[in-house]
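In: Structure, please.
(one chain, ligands or ions: 3)
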Amino acid sequence: MGKEGIKIIKLDVNELIKTLNKAFADEWLAYYQYWLGAQVAKGPMKEAVIAELTQHAADELRHAQMLSARIIQLGGTPLLSPKDWYTNTNCGYSAPENPLVKKLLEQNIEGERCAIDVYQKLVDLTKDKDIITYNMASQILSDEVEHEDDLENLLEDINLI
Ligand code: FE
Ligand code: FE
Ligand code: MG
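Out: Ligands and ions are numbered 1, 2, ... in the order given. This is a model prediction of the structure:
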């Protein structure tokens, strides 16, 4: 990365890259969980649930792209192998073993709550220390807050049937 671009960061850059790679692992697992959930979903309001899960999958993939771009810009390497996602993840992976929409929504809400915590911590870590990563983490945090809200609203509607 550019020397001045590195110099302005008031954090241990190697530690920051590790933290970003953990979030990168989370995003791939979240992407896959949403994508697969959208394929197998069954039950009431299935079409609305599939549309939301598919949209969120695209958002998580975009988050992975944002993180990898920043990792590379910082001179790091994004996790190169999917097996590394499991060993680096903060939020884990919940397989959609039960395809009922209610169960899928509950699993993904849990994932979003974890993601909100991860990005709030990244925002706190980078505030006044690394404005570029701070801005990226704030954007992703806004998306995760919206994701949790969307899923909770869908679950609420399904529970009213
Ligand atoms: Fe995400
Ligand atoms: Fe999300
Ligand atoms: Mg949404």
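
In: what kind of secondary structure is the closest residue to Leu61 other than its chain neighbours in?
Out: Spatially, and ignoring its direct neighbours in sequence, Leu61 is nearest to Tyr31 (4.8 Å; CB to CB, 6 or more residues apart in numbering). C-betas here are computed from N, CA, C, even on glycine. In three-state terms, and counting by DSSP: H, G, I helix; E, B strand; the rest coil, Tyr31 is helix.

In: residues touching Asp59, list them.
Out: Counting by CB atoms under 8 Å, 6 or more residues apart in numbering, Asp59 makes contact with 143, 147.

In: That one: helix or strand, and which one exactly?
Out: Assigned by DSSP states H and E, Asp59 belongs to helix 46-73.

In: Please spell out which residues along that helix are buried.
Out: 49-50, 52-53, 56-57, 59-61, 63-64, 66-68, 70-71 (16 or more other CB atoms under 10 Å).

In: Which residues of the chain lie near ligand 1?
Out: 27, 60, 63 (CB under 5 Å from the ion).

In: Ser81: which of those is nearest?
Out: Ser81 lies nearest to Glu27 out of those, by CB to CB, at 15.4 Å.

In: So the closest one is in contact with Leu61, correct?
Out: Yes - applying CB atoms under 8 Å, one finds Glu27 in contact with Leu61, separated by 7.4 Å.

In: Going by proximity to ligand 1, name the top residue of the protein.
Out: The nearest approach of the chain to ligand 1 comes at His63, 3.7 Å away (CB to the ion).

In: how close does that residue sit to Glu146?
Out: 12 Å (CB to CB, to the nearest Å).
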